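I need the structure of the sequence given here:
(one chain, ligands or ions: 2)
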Amino acid sequence: MATTLNDIRNIGVIAHIDAGKTTVTERMLYYSHFTHRVGRVDKGTTTTDYDPEEQDRGITINSACVTFDWKKKQINLIDTPGHVDFTAEVERSLRVLDGGVVVFSAREGVEAQSETVWRQADHYHVPRLAFINKMDREGADFYETLSEIEKRLDANPIVITLPVGAGPPHVNDAFRGTIDLIRMKMLTFEAASEGVGITVSDIPEDMVDDAEMWRGQMLEQLSLYSDELTELLLAEEDVPEQIINSVLRQATLHDMVVPMLCGSALDGIGVQPLLDAVIAYLPSPGDMPPVEGMEPGKEDKKLTRKPETTEPFCGLLFKIESSKHGDLNYVRIYSGELKANSRILNPGKNAKENAPQIWRIQANRREQVPKVGPGEIIGIIGLRKTVTGDTLCDIKDPILLESISFPETVLSMAIEPETADERKKLSAALDMMRRQDPTFLASENEETGQTLISGMGELHLEVIQHRLQRDHGVKIRVHSPRVSYRETIEKKAETLGQCHRTLGGARLTAGVRIRIEPFEATEGRPVVITSECDPELVPKEYRTAILETLEGESEGGGLFGFPLINVKITLLGAEVHESESNEMAFRMASGEAFRNALNEAGVVLLEPIMKLEVTTPEDYLGDFVGDVQQRRGMITHTHQRGRNAVLDAEVPLANLFGYASAMRGMSQGRAQCSMEPHKYGPAPPEVRESFEF
Ligand code: GDP
Ligand code: MG
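Numbering: from 1, shown residues only. Ligands and ions are numbered 1, 2, ... in the order given. Below is the predicted model of the structure:
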C-alpha cells in the first residue's frame, strides 16, 4: 500500500473498441499478481462482454476502480468501460484520473473513437502514454500508426520502445520482442510463463542501426525540454538513463509529449515495460495542480485545494455501482482526509451526508478503511442524496467542484411491463440503472402506462433492454426505437408576456419582458436563463417565479414539445401592479412571454447526427459511399489504411437503424463500423411536417 502521494498513480486505460483495452488490463492485473490466470477475451464480438464467464471474472475488472501494486507503487486503474456509452464513460473517467494509457491497434491504427477520446484527453490536459498493441497481428504496422498519431491527432509522440518484427509467428520476421531505446537492450518475453519471464539481451545486429536512429530521434525531441540534455548531445557525450527519464517525465507531465510503447497484450509482450512507464512518466496526485472550484452559490468566487492532508476535505463522486444491497459510490479525493462515519456536505444540493463506510476496492477484494487521504479513489456506502458529478466536502469549508457533463441522449424507446405485477419491479430496476448510468434516462407516462427510455444509440438501448430482462428478470414489451429530436431558435427576439385576468373574483395583472437568443451551450446546460432585470424594481419572489417558469417551460419543450437546446433567455424587466400582481400572475405572464418569444424567434427542429466510420475492403467503398448518401449522410473524409478503405461520415441517426447488419450484408461481413453521437442538425422538412398540426 502506498505510503505517500508520490507512490500513487490514478490512471485509466482508454481505447477504441477492440484495440485491446480489456486484454491489456487483464495482463496488468496478472503481472501484478492479482489474478492467477490470464483472462482472455473471446474472439470478436461485443457479446463476449455478456457471457457469464466473462462477467464472473469481469466483476473486478469492470469495477470503476481497481487498485493494485507495481514495484511498490499503488496503481489505481480507473475503468473506462462501455462500447456503448463510450464517450460518456470516458468523459467521467478523464475527469478524475491523473494520467492515461491510450491503446491503439497496430493493425487499425487511429480510429474514429480513438480520435474522440484523444481530444477529450486533450481537453482535460491528461498526460498520457500510447501503447501500440496487436503487434502480432497480420498487417500490424507500428510506423504507420505512429505517423497517424502525429497527423490525425496532432500529437507529439516519442518512441521509447521499438518492435522487433511484426505480424504472427508464421510470417517472416514475426513480432518477437521489443527494444528499450532508453537502456538500449532487447527484451523478449517467455511464452511458457505467459510473459512473466523477461530476457534482457543485446540488440540484434540487423536492428542496431534502426535502434540508434530512433534513440537519436528520441534524444533530439527531448533536448527541446532540457538544456542539460542539449549540452550533452552537443558535446557528443553519453546521456545517462536517469536524465532521459527525468526529462521525459517532466515533458509528459506537462502534456507536451506522449511516450510511445508497443507490444502484444494477447501474447504477453511489452506489458511490464508499460507498467514501468506508468510509474516513471505519469503523474502522481502530488504532481497535480490544486483542484479548482468555487464557493457554493458564488460563481465568481474561485477556490482551490491542494492535494494535502492538512487542507479541508473535498472530493468528487464519479460513478455509482448499484446493487440490491445498496450503492457503492466511487469518490476521488482531492484534498484533506475523509474519516468513516463523518458528516460531510454535498454543496451543490446543500445537503449534509453521512459517510458510514469507506472501502478500498482491491482487484480481488474489498477492504473497509477508517480514513483516506488526498489522491485516493475509494468507495463510500451509505450516501443518500449524492449522485454522479456531485462534490462532497468539509461542512465548515465548502467548495463546489466542476461537475461532469454528459452528452444529450439521442434515441428513445417505449417499453411497458407485461403485467401490472411487473410494474413495481420495472420501476425499481430502472431506478437502479439510472443511478448507475447518467446517459440513460427513463420517464414514466402515467396515462399510457408506458415508460420512455432514452440513451446514446441503438446498442445502448438494446443493452438496457437485455439488462432489464436478464439481470432484473422484468418481463417487458418493447416498441421500436425513436430518434430524440430537439428544438432551437433561428434568431434573437424580444417579447412581452402579459397577464390580465380575473380569477375567483380577484384581478391578476403582470407583465414580463424577455429576450431569447441562439447561444452555444456551455457544458451540460442546454438552456441558459439569466436576469438583467433591475432588482430594485421587481421583488425577489416575483423574479424567482419568473425564472422558474422559464426554466420549466424550456425543459417542457418548444413548439413541437421537444426539449430546447442552445438557447439563452434573459429576463429584461417586469411590470408590477401594486395590488393586482402576485406570483401566479407572473407565472402566467412568463409562460406567455416564452411562447411569444419562440414564435417570433422561429423554431428549428433538430435531429441527432452520428459520426460514422466504416472500414471496408476497397472493392466495396463505392457501394458504401452511395449508401451513405442515400441515408442523407455527408462524407467528411476517406482514406486508405493498408488494404482497407476508411470512410468517415456524418449521418442522421434516423437513417441508421439496423446499420450494423446492413453493413455486413453489403460487404459479406468484411466491413466494420463504429458510430457515436456527434451533434444535432436541422431535421428535413418532411420530418418537421410530420409534427406540425
Ligand atoms: P477492448 O474492446 O479494447 O477491450 O479489446 P479486447 O481486449 O476485448 O480485445 C479485442 C479483441 O482483440 C479480442 O479478441 C482480443 O483477444 C484481441 N486482442 C487483444 N489484444 C491483442 C493482441 O495483442 N494481439 C492479438 N492478436 N489480438 C489481441
Ligand atoms: Mg473490452
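
Excluding chain neighbours, give the residue nearest to Y659 in space.
Nearest in space to Y659, with sequence neighbours left out and distances taken as C-beta to C-beta, 6 or more residues apart in numbering, is C673 at 6.8 Å. All C-beta atoms are positioned from the backbone trio N, CA, C, and that covers glycine.

isn't that neighbour right up against T615?
Yes. Contact between C673 and T615 holds when scored by C-beta atoms under 8 Å: they sit 7.4 Å apart.

Now for the two: what residues contact both?
Shared contacts of C673 and T615, defined by C-beta atoms under 8 Å, 6 or more residues apart in numbering, are not found at any residue.

Give me the three-state assignment for I344.
strand (DSSP: H, G, I helix; E, B strand; the rest coil).

Enumerate every residue touching it.
With the criterion set at C-beta under 8 Å, 6+ apart, I344 makes contact with F313, L338, K352, E353, N354, A355, L392, C393, D394, I395.

rerun that using 7 Å as the cut-off
Taking C-beta atoms under 7 Å, 6 or more residues apart in numbering, we find I344 in contact with F313, E353, A355, L392, C393, D394, I395.

Name the nearest of these relative to L564.
L392 (31.6 Å; C-beta to C-beta).

Dig out what the closest one forms beta bridges with.
Going by DSSP bridges, L392 is paired in beta bridges with G315.

What helices and strands are in contact with the helix or strand A589 falls within?
Element membership of A589 [criterion: DSSP states H and E] is helix 583-601. Packing partners of helix 583-601 (3 or more C-beta pairs under 7 Å, 6 or more residues apart in numbering; DSSP states H and E): strand 493-503, strand 506-518, helix 540-556.

What about P677? Give its phi and psi, please.
Backbone torsions for P677, taken as degrees, to the nearest 10, come to phi -60, psi 140.

What is the burial count for the nearest residue to it once chain neighbours are set aside?
Using C-beta to C-beta, 6+ apart and skipping the chain neighbours, the partner closest in space to P677 is V410 (4.8 Å). Summarising burial for V410: neighbours were counted as other C-beta atoms under 10 Å, giving 26.

just G165 next, same as before
When neighbours are defined as other C-beta under 10 Å, G165 has 17 of them.

same question, E692
9.

State the distance from it to E686.
According to C-beta to C-beta, to the nearest Å, E692 and E686 sit 11 Å apart.

what does S335 give?
Here S335 is placed at a distance of 55 Å from E686 (C-beta to C-beta).

What of V271?
The separation that V271 has from E686, given C-beta to C-beta, amounts to 53 Å.

Averaged pLDDT, stretch 663-671. What do you get?
When the per-residue pLDDT values of stretch 663-671 are averaged, the result is 86.

rewinding a little: neighbours of the residue nearest to Y659, how many?
19.

got the CA positions of the helix or strand it falls within in CSV?
Remark: C673 resides in strand 672-682, with elements defined by DSSP H and E. What follows is the C-alpha trace of strand 672-682 in CSV, where atoms were taken according to Å, rounded to 0.1, in the frame of the first residue of the first chain:
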residue,chain,number,x,y,z
GLN,A,672,-16.6,-2.9,-39.7
CYS,A,673,-18.2,0.2,-38.4
SER,A,674,-18.4,2.4,-35.4
MET,A,675,-20.7,5.2,-34.7
GLU,A,676,-21.2,7.7,-31.9
PRO,A,677,-23.5,10.7,-31.3
HIS,A,678,-21.9,13.8,-32.9
LYS,A,679,-24.2,16.8,-32.9
TYR,A,680,-27.7,18.0,-33.6
GLY,A,681,-28.5,19.2,-37.1
PRO,A,682,-31.7,20.6,-38.7
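
Quick check: neighbours of it in the sheet, parallel or antiparallel?
Partners of strand 672-682, by DSSP bridges, with direction: strand 603-617 (antiparallel).

Beyond the strand holding C673, next helix or strand please.
With secondary structure assigned by DSSP H and E, strand 672-682 is succeeded by helix 685-691.

roughly how far is that next one from the heart of the chain?
Here the centre of mass of C-alpha atoms in helix 685-691, compared against the chain's by C-alpha atoms, centre = their mean, to the nearest Å, lies 33 Å away.

Report the mean confidence score over that helix.
Taken as a whole, helix 685-691 carries a mean pLDDT of 86.

For the nearest residue to R27 once chain neighbours are set aside, list the residues it contacts.
Here the nearest residue to R27 in space, its sequence neighbours aside, is V271; by C-beta to C-beta, 6+ apart that works out to 4.3 Å. V271 makes contacts with V24, R27, M28, Y31, G195, G263, A265, as judged by C-beta under 7 Å, 6+ apart.

Where does the prediction get shaky in the chain?
Low-confidence regions of the chain, defined here as pLDDT under 70, cover residues 1-3, 34-64, 79-89, 324, 363-364, 521-524, 693.

Which residues of it lie near ligand 1?
On the criterion C-beta under 6 Å from any ligand atom, ligand 1 has as its neighbours in the chain the residues 15, 17-23, 41, 43-44, 133-134, 136-137, 264-266.

hey, where'd the strands end up in the stretch 51-200 of the chain?
With DSSP state E, counting those that start in this stretch, the ranges of strands along the stretch 51-200 of the chain come out as 65-70, 73-78, 99-105, 128-133, 157-159, 161-164, 177-180, 185-189, 198-201.

right, so those strands: which one is the most enclosed?
Ranked by mean neighbour count, the strands of the stretch 51-200 of the chain are led by strand 128-133 with a mean of 27 (mean count of other C-beta atoms under 10 Å).

Go ahead and name everything in contact with that strand.
When contacts are defined by C-beta under 7 Å, 6+ apart, strand 128-133 is touched by residues 19-20, 24, 99-106, 121, 142, 145, 149, 157, 258-265, 274, 277-278, 281-282.

Repeat that for stretch 191-200.
With C-beta under 7 Å, 6+ apart, stretch 191-200 has contacts from Y31, V38, K185, L187, T188, F189, E190, G268, I269, V271, Q272.

Would you check which pair of the residues you listed lies furthest apart?
By the measure C-beta to C-beta, those have their two most distant members at V38 and K185, which lie 25.0 Å apart.

out of the contacts of stretch 191-200, which one sits closest to L564?
Sorting the contacts of stretch 191-200 by how near they are to L564, with C-beta to C-beta, puts V271 at the top with 48.6 Å.

any idea how far M28 is from that closest one?
As for V271, its distance to M28 is 6 Å (criterion: C-beta to C-beta).

Repeat that for G389.
Distance check for G389 against M28: by C-beta to C-beta, it reads 28 Å.

Which residue of those two possesses the greater neighbour count?
The neighbour comparison of G389 against M28 (other C-beta under 10 Å) goes to M28, with 27 against 20.

Is there a neighbour count for T4? I'd like the number.
As a measure of burial, T4 has 10 neighbours, counting by other C-beta under 10 Å.

Apart from its neighbours in sequence, what residue is nearest it?
Nearest-residue entry for T4: G286, 7.5 Å, with adjacent residues in sequence omitted and distances by C-beta to C-beta, 6+ apart.

Any idea how far the helix holding A589 is from the middle of the chain?
The gap between the average C-alpha position of helix 583-601 and the chain average comes to 37 Å, counting by C-alpha atoms, centre = their mean.

So what touches that helix?
Under the criterion C-beta under 7 Å, 6+ apart, residues 489-493, 495-499, 508-514, 516, 541-542, 545-546, 549-550, 553, 558-559, 574 lie in contact with helix 583-601.

Narrow those residues to just the buried residues.
489, 493, 495-499, 508-514, 516, 542, 545-546, 549-550, 553, 558-559, 574 (16 or more other C-beta atoms under 10 Å).
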